[in-house]
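Trainee: sequence first, then the predicted structure:
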Amino acid sequence: MAEPALARAETAGRILIAFEYRAPTACMDEEQAFSLLHRRSRRVARTSPVLAQQHLRMSVVPDASGYRGVLTVTRAGQRPERRRMTGGSCDEVVEALALTAALSIDPDATVTLGPVEPSGARGDDADGSGEPGGLGEPARTTSDDEDDERRREDAEDDDASSTDDDSSTRAHLQLSVGPVLALARLMDHTMHLGGGILFAVSGPERSTGLPLEARVSVYGLTETASVREPTLRTTFYGARLAYCPLRWGGDHFLLLCPVSQLGLLSAESRGFAEGTSTTRFFATLGLEAWSRARISRHLDLWLSPSLEVPLTRRRFGVAPGPEVLASTSAVAWGIAAGAGWNF
């Protein structure tokens, strides 16, 4: 009578996981894949997704180099963690993913494989009762029943996979916010220096073509110190909108982005008998390169040179004289740098 009580005590220290496994038929089956995980951590026990503390999804597909595997670990209230492995054989990739999974969910997991336990002795908790498997004799089903049950499970897995993919994509849309420091050549006679704030949205995939990568920055620029007077001093307040359809690299990557700049260009007279000021709309269109380095999970540093053509040509002078004291450049250029905090 002491054995059930002992089993319940052991179950209390377990790590309950929902385990999903997808691989070609040439690979080991789901039971063997879970065994590789369980033999490194006896605390791991399978349960339903509702009762699971952690969700593990292991997917293996063939590619040009052999096989590529992805492990996704999801914990309540946290962003999913992904690990990728490649190898010449499917079993090699599955073993690497199982080791990574064991070390991720259990700090006490062993690198080496433990002995194989008899079927049912691992304590799979699929019914969520908390009782270890193997204490009671499982009911056997007929061959037809097994086929029906397998078809139902496959349909449920397909639905769950579709739902997980959608929620994973939503969860991996990343918002970044941070300061901007910019130096620009907008006018023929001087440089402009200033700063602002940048908002960026990045997609989950590291694809080269057409990734989701969009940015909006709001900032102000003013002329660097001018020693000549009388003169006009110009200031620009505006926003930059960029979408980057080309991206190369992973944590350190380069983007090529069409960019548009919209805002108000203000000119104020300095050193004249009467002070005057005027404000005009100003817009540019061009390209910028964006180089970003991921310093940590939440912090990025970036640098972005740009080359733009003004869509509006502006000239400023002081009445009544016809002399043009300041005019926008035929080609505008600039360089910006900043940091982004990822949410």
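Mentor: Arrived safely.
Trainee: ok, Arg83 - contacts?
Mentor: Going by Cβ atoms under 8 Å, 6 or more residues apart in numbering, Arg83 touches 70-71, 73, 97, 100, 104. Where you see a C-beta, it was placed from the backbone N, CA and C, and this is true even at glycine.
Trainee: which ones among these map onto helices?
Mentor: 97, 100, 104 (DSSP state H).
Trainee: closest to Ala289 out of the residues you listed?
Mentor: Ala289 has its nearest neighbour among these in Thr100, at 35.0 Å by Cβ to Cβ.
Trainee: report pLDDT for that closest one.
Mentor: Looking at Thr100, its pLDDT reads 89.
Trainee: who's in contact with it?
Mentor: Thr100 neighbours (Cβ under 8 Å, 6+ apart): 71, 83, 85.
Trainee: hmm, try it at 6 Å
Mentor: By Cβ atoms under 6 Å, 6 or more residues apart in numbering, the contact set of Thr100 is 71, 83.
Trainee: so which of the contacts of Arg83 is the most crowded?
Mentor: Neighbour tally across those (other Cβ atoms under 10 Å): the maximum, 26 neighbours, falls on Leu97.
Trainee: coming back round to it: can you redo the ones in helices among the contacts of Arg83 as a markdown table with distance to Leu113?
Mentor: Formatted as a markdown table, these follow (distance: Cβ to Cβ, whole Å):
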| residue | distance to Leu113 |
| --- | --- |
| Leu97 | 14 |
| Thr100 | 14 |
| Ser104 | 17 |
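Trainee: from the residues you listed, which single one is nearest Pro24?
Mentor: Nearest to Pro24 among the ones in helices among the contacts of Arg83, with distances taken as Cβ to Cβ, is Leu97, at 14.3 Å.
Trainee: re earlier: pick out the lowest-pLDDT one from the contacts of Arg83.
Mentor: Among the contacts of Arg83, Ser104 has the lowest pLDDT, at 85.
Trainee: how about stretch 311-328 as CSV, C-alpha atoms only?
Mentor: Provided in CSV are the C-alpha atoms of stretch 311-328 (Å, rounded to 0.1, in the frame of the first residue of the first chain):
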residue,chain,number,x,y,z
LEU,A,311,10.4,66.8,-53.4
THR,A,312,9.9,70.5,-52.6
ARG,A,313,12.5,73.1,-53.4
ARG,A,314,12.7,76.0,-50.8
ARG,A,315,14.5,79.3,-51.0
PHE,A,316,14.6,82.0,-48.2
GLY,A,317,15.5,85.7,-48.3
VAL,A,318,14.7,88.9,-46.5
ALA,A,319,12.5,91.5,-48.0
PRO,A,320,12.9,93.8,-49.8
GLY,A,321,16.1,92.5,-51.2
PRO,A,322,16.0,89.7,-53.9
GLU,A,323,19.1,87.9,-52.5
VAL,A,324,18.6,84.3,-51.6
LEU,A,325,20.2,83.7,-48.2
ALA,A,326,19.3,80.0,-47.8
SER,A,327,18.1,77.2,-50.1
THR,A,328,17.5,73.5,-49.8
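Trainee: I'd like to know how many residues surround the closest residue to Gly13 other than its chain neighbours.
Mentor: Distances taken as Cβ to Cβ, 6 or more residues apart in numbering place Arg43 nearest to Gly13, at 6.1 Å, with adjacent residues excluded. Applying other Cβ under 10 Å, we find 17 residues neighbouring Arg43.
Trainee: what's near enough to touch Arg43?
Mentor: Here Arg43 is in contact with 14-15, 106 (criterion: Cβ under 6 Å, 6+ apart).
Trainee: which of the contacts of Arg83 sits closest to His189?
Mentor: Val70 (55.8 Å).
Trainee: from Gln174, how far off is the closest one?
Mentor: 18 Å (Cβ to Cβ, to the nearest Å).
Trainee: ditto for Glu95
Mentor: For Glu95, the distance to Gln174 - Cβ to Cβ - is 31 Å.
Trainee: hmm, back to that, closest one to Tyr219 out of the ones in helices among the contacts of Arg83, please.
Mentor: Ser104 (41.2 Å).
Trainee: excluding chain neighbours, what is closest to that closest one?
Mentor: Nearest to Ser104 is Val73, by Cβ to Cβ, 6+ apart, at 5.4 Å.
Trainee: Met28: how many residues sit nearby?
Mentor: Count around Met28 with other Cβ under 10 Å applied: 18.
Trainee: buried residues in the helix or strand where Ser59 lies?
Mentor: Per DSSP states H and E, Ser59 falls inside strand 54-63. Residues of strand 54-63 classed as buried by neighbour count (16 or more other Cβ atoms under 10 Å): 54-58, 60.
Trainee: dump those to JSON lines, plus pLDDT and distance to His192.
Mentor: Shown next, in JSON lines, are those (pLDDT from 0 to 100; distance: Cβ to Cβ, whole Å):
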{"residue": "Gln54", "pLDDT": "89", "distance to His192": "52"}
{"residue": "His55", "pLDDT": "90", "distance to His192": "51"}
{"residue": "Leu56", "pLDDT": "90", "distance to His192": "53"}
{"residue": "Arg57", "pLDDT": "91", "distance to His192": "50"}
{"residue": "Met58", "pLDDT": "92", "distance to His192": "53"}
{"residue": "Val60", "pLDDT": "91", "distance to His192": "54"}
